[in-house]
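*Asks:* Next come a sequence and a model predicted from it.
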Amino acid sequence: MTRSINRRVLAVDDEESIRESFRAAFSPRQRFDGALASAAAALFEEESPPSANAPVVEFELDTAPDGKSALALVEQALAEDRPYAVIFCDMRMPGWDGVETVDHIRRLDARVEIVFVTAFSDRSVDEIVASLGANVAYFLKPFAIDEMKQLATKAVLDWNKARDLESLLDTVSRLSGTDDDLTTLLRYVLSQLCEWMGAHSGGILALPSRGRAKIKLGIGEFANLAEVPLPELDAATLADGSVQPVGPERLLLPINDVGLALIVGGTTRMTPERSYLLKLFLEHAALAIRNREDRTRLAQAERMAAVGQALGFVVHDLRGSIGSVQMLADILEMGHESFDFTLERITVLLQRSAEQSLDLIRDTIEFSRGEVALRLTTVDLSTMLHETCTMLRLSWPEGVGLEVEVPKDLCSELDEGRIRRAIYNLAKNAAEAVQGKGRVQIKAKRVDDRLQLEVSDDGPGLPPDIQERLFSPFATHGKIGGTGFGLAIVKQVVDAHGGIVEVITGAAGTTFRLILPTTPVGTPDADGPPAP
């Protein structure tokens, strides 16, 4: 922790001699030698004078002659953000006695350590505990300086340890790292709490109303257990939010459906300070664990959404490839000769449709795993585009023209299956855009070191409201049964190739231009494109 240690001490006593004794006990020691060392030893009731190399614990001491003066000092200390770590208070004083003084102080500062220093008291220990709680200590006058300093040192260390734990708990509440970060930090804070409590085991539990509680995180005996027996807890106990004894040296702090279980030593006292920090830890830990579980559920939902999106892509494209298969089957049934198709040509197209369907399924699996990778091959653009047009014409609307313009020797390194899908989707959209009367053109050419593919129509153009979300899934316009995935697929394909999509639209029609960075390659051996 970067916070400096708080060593502030307040001594409250109506006798000046006692206050002077506190000053002698807690003021920084001087280095003595010779006769002065012997005098110092006698004055402070020590058996031997302090050595020159002895460690020195320096406290910051204030004193007050009565309860009201002490309260004013506490108010000032809190206003300056310099609270006292421990207050030594006389029991019998004029005005407010010790219990009344501490009661007023605790209303301002419930965290300060309290030590009553008295020769006798008008109140019993039970009365004091009932009024102030169990987190007070007692010391009898007259006191030895070393014993008083040991008691002050312990109280100061307890106060600072509690503040360090609070700081850790604040870190837990703000943690947004990985699951391992959260588990490591929660386990560390739980171990620190157990050490502070004198407990050797602790666990965060998911509490059912009865039966066995599941362990979310544990140390000691709870580290290797999945669940523990749970005594029946009524609704009032769960809502109470206080520490409950549930067996020999076993404590349970339940808050609604979560709990903190501890196995403690027989001398452990459950003070308000300890109850406060245990409850604070459990609240922050439960919130952090719920946030982690929510993040896990959200990540799962996002993965499922990604798979759903991929399936949407597949369903969109499968409708085309399966439709082509169905059309080719109808041609075979009705007689392929009348459609000017050879059996060999139909076989090739059927194989191409089957391959496309299998590629779609493969791409979906890769997409859901986040492993999308291009399969680049040397593609003859003329052959590929004329084959795509042949597939398109199997279900092409009457009254719509389809033209292809591509140099015979244009070849590039591309993922042929994905580019086919992109062109197919653009052409289908263009055919629907002209509304049964018009023309669709597919062009390919090389401009400098880039491949430029265009699909154009002479339809009415795209309305402004659809242009902003054109490439988003579910964006569709004027289509019956459309899924809105077609252009999202095109954008995905072009992005994967490192290219861009340009859209030119207006009253004269719409052009989608795919610009792909690619290196020219040699022309493969071919007899030229098949007849469209």
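*Replies:* Done, it's in. Numbering: from 1, shown residues only.
*Asks:* helix or strand right after the lowest-mean-pLDDT helix or strand in the chain?
*Replies:* Sorted by mean pLDDT, DSSP states H and E, the helices and strands of the chain end with helix 35-43, the least confident at a mean of 49. Counting by DSSP states H and E, the element after helix 35-43 in chain order, helix or strand, is strand 60-64.
*Asks:* Run me through the strand neighbours of that following strand, direction for each.
*Replies:* strand 8-12 (parallel) (DSSP bridges).
*Asks:* Quickly run through the sheet partners of the helix or strand where Phe116 lies, with directions.
*Replies:* Phe116 belongs to strand 113-118 when assigned by DSSP H and E. Next to strand 113-118 in the sheet, as set by DSSP bridges, lie strand 86-90 (parallel), strand 136-140 (parallel).
*Asks:* hang on, Lys68 packs against Met93?
*Replies:* No. Lys68 is beyond contact range of Met93, at 10.2 Å (criterion: Cβ atoms under 8 Å). For the C-beta atoms, the positions are set from N, CA and C on the backbone; glycine is no exception.
*Asks:* rewinding a little: going by mean pLDDT, which of the strands paired with strand 113-118 comes out lowest?
*Replies:* Least confident of the strands paired with strand 113-118, judged by mean pLDDT, is strand 136-140 with a mean of 69.
*Asks:* All the helices of the protein, residue numbers only.
*Replies:* Ranges of helices in the chain, per DSSP state H, are 16-26, 35-43, 67-79, 98-108, 125-132, 145-174, 179-197, 235-240, 272-334, 343-369, 381-393, 416-433, 464-467, 486-496.
*Asks:* Out of these, flag the one nearest Cys89.
*Replies:* Nearest to Cys89 among the helices of the chain is helix 98-108; the distance by Cβ to Cβ comes to 4.8 Å.
*Asks:* tell me how far the closest one is from the chain's mean position?
*Replies:* What separates the centre of helix 98-108 from the centre of its chain is 43 Å, taken as Cα atoms, centre = their mean, to the nearest Å.
*Asks:* ok and it relative to helix 67-79, angle-wise?
*Replies:* 20 degrees (axes from the mean of the first three to the mean of the last three Cα atoms, to 10 degrees).
*Asks:* which of the residues in helix 98-108 are buried?
*Replies:* Residues of helix 98-108 classed as buried by neighbour count (16 or more other Cβ atoms under 10 Å): Gly98, Val99, Thr101, Val102, Ile105, Arg106.
*Asks:* May I see the buried residues of stretch 149-166?
*Replies:* Buried residues in stretch 149-166, counted by 16+ other Cβ under 10 Å: Leu151, Ala152, Ala155, Val156, Asp158, Trp159, Asn160, Ala162, Arg163, Leu165.
*Asks:* Would you tell me which one of the buried residues of helix 98-108 comes nearest to Leu277?
*Replies:* Of all these, Leu277 sits closest to Arg106, with 16.3 Å by Cβ to Cβ.
*Asks:* what pLDDT does that closest one get?
*Replies:* Turning to Arg106, the model gives it a pLDDT of 87.
*Asks:* ditto for the one 5 residues further on
*Replies:* According to the model's per-residue confidence, Arg111 sits at a pLDDT of 82.
*Asks:* okay but it is in contact with Pro83, surely?
*Replies:* Yes. Between Arg111 and Pro83 a contact is recorded at 7.4 Å, counting by Cβ under 8 Å.
*Asks:* Going by distance to Glu333, which of the buried residues of stretch 149-166 wins?
*Replies:* Nearest to Glu333 among those, with distances taken as Cβ to Cβ, is Leu165, at 80.5 Å.
*Asks:* from memory that closest one sits against Val189, does it?
*Replies:* Yes. Taking contacts as Cβ under 8 Å, Leu165 lies within contact range of Val189: 7.1 Å.
*Asks:* Overlap of the contact sets of these two?
*Replies:* Phe281 (Cβ atoms under 8 Å, 6 or more residues apart in numbering).
*Asks:* Spell out, range by range, the strands that occur in the stretch 401-532 of the chain.
*Replies:* Assigned by DSSP state E, counting those that start in this stretch, the strands in the stretch 401-532 of the chain fall at 411-414, 438-447, 450-457, 500-506, 509-517.
*Asks:* helices and strands around the fourth one, which ones?
*Replies:* Judged by 3 or more Cβ pairs under 8 Å, 6 or more residues apart in numbering; DSSP states H and E, strand 500-506 is in contact with helix 486-496, strand 509-517.
*Asks:* which other helices and strands contact the last one?
*Replies:* Yep, that's strand 509-517 we're talking about. When contacts are defined as 3+ Cβ pairs under 8 Å, 6+ apart, strand 509-517 sits against helix 416-433, strand 450-457, helix 486-496, strand 500-506.
*Asks:* can you rerun that using 10 Å?
*Replies:* Where contact means 3 or more Cβ pairs under 10 Å, 6 or more residues apart in numbering; DSSP states H and E, strand 509-517 is packed against strand 411-414, helix 416-433, strand 438-447, strand 450-457, helix 486-496, strand 500-506.
*Asks:* so which of those comes closest to Arg250?
*Replies:* Set against Arg250 and scored by Cβ to Cβ, the helices and strands packed on strand 509-517 come closest in helix 486-496, at 58.1 Å.
*Asks:* CA atoms of the closest one as PDB?
*Replies:* Output in PDB follows, covering the C-alpha atoms of helix 486-496 (Å, rounded to 0.1, in the frame of the first residue of the first chain):
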ATOM      1  CA  GLY A 486     -26.600 -10.200 -49.200                       C
ATOM      2  CA  LEU A 487     -24.600  -6.900 -49.000                       C
ATOM      3  CA  ALA A 488     -23.200  -7.800 -45.600                       C
ATOM      4  CA  ILE A 489     -21.800 -10.900 -47.200                       C
ATOM      5  CA  VAL A 490     -20.300  -8.800 -50.000                       C
ATOM      6  CA  LYS A 491     -18.700  -6.500 -47.500                       C
ATOM      7  CA  GLN A 492     -17.200  -9.400 -45.500                       C
ATOM      8  CA  VAL A 493     -15.700 -10.900 -48.700                       C
ATOM      9  CA  VAL A 494     -14.200  -7.700 -49.900                       C
ATOM     10  CA  ASP A 495     -12.800  -6.900 -46.400                       C
ATOM     11  CA  ALA A 496     -11.200 -10.300 -46.200                       C
END
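*Asks:* looking just at contacts, which helices and strands does it meet?
*Replies:* With contacts taken as 3+ Cβ pairs under 10 Å, 6+ apart, helix 486-496 sits against helix 272-334, helix 343-369, helix 416-433, strand 500-506, strand 509-517.
*Asks:* Report the contact partners of the closest residue to Gly506 other than its chain neighbours.
*Replies:* Nearest residue to Gly506 in three dimensions, chain neighbours excluded: Gly461, at 5.0 Å (Cβ to Cβ, 6 or more residues apart in numbering). Contacts for Gly461 (Cβ atoms under 10 Å, 6 or more residues apart in numbering) come out as Ala433, Gln467, Ile504, Thr505, Gly506, Ala507, Ala508, Gly509, Thr510.
*Asks:* and the third one, what is it in contact with?
*Replies:* Right, the one you point to is Ile504. Ile504 makes contacts with Glu454, Ser456, Gly461, Leu462, Thr510, Thr511, Phe512, Arg513, as judged by Cβ under 10 Å, 6+ apart.
*Asks:* Which positions are bridged to it in the beta structure?
*Replies:* Counting by DSSP bridges, Ile504 forms beta bridges with Thr511.
*Asks:* can you pull the pLDDT of the closest residue to Leu230 other than its chain neighbours?
*Replies:* Nearest residue to Leu230, sequence neighbours excluded (Cβ to Cβ, 6+ apart): Ala213, at 4.3 Å. Note for Ala213: predicted pLDDT of 83.
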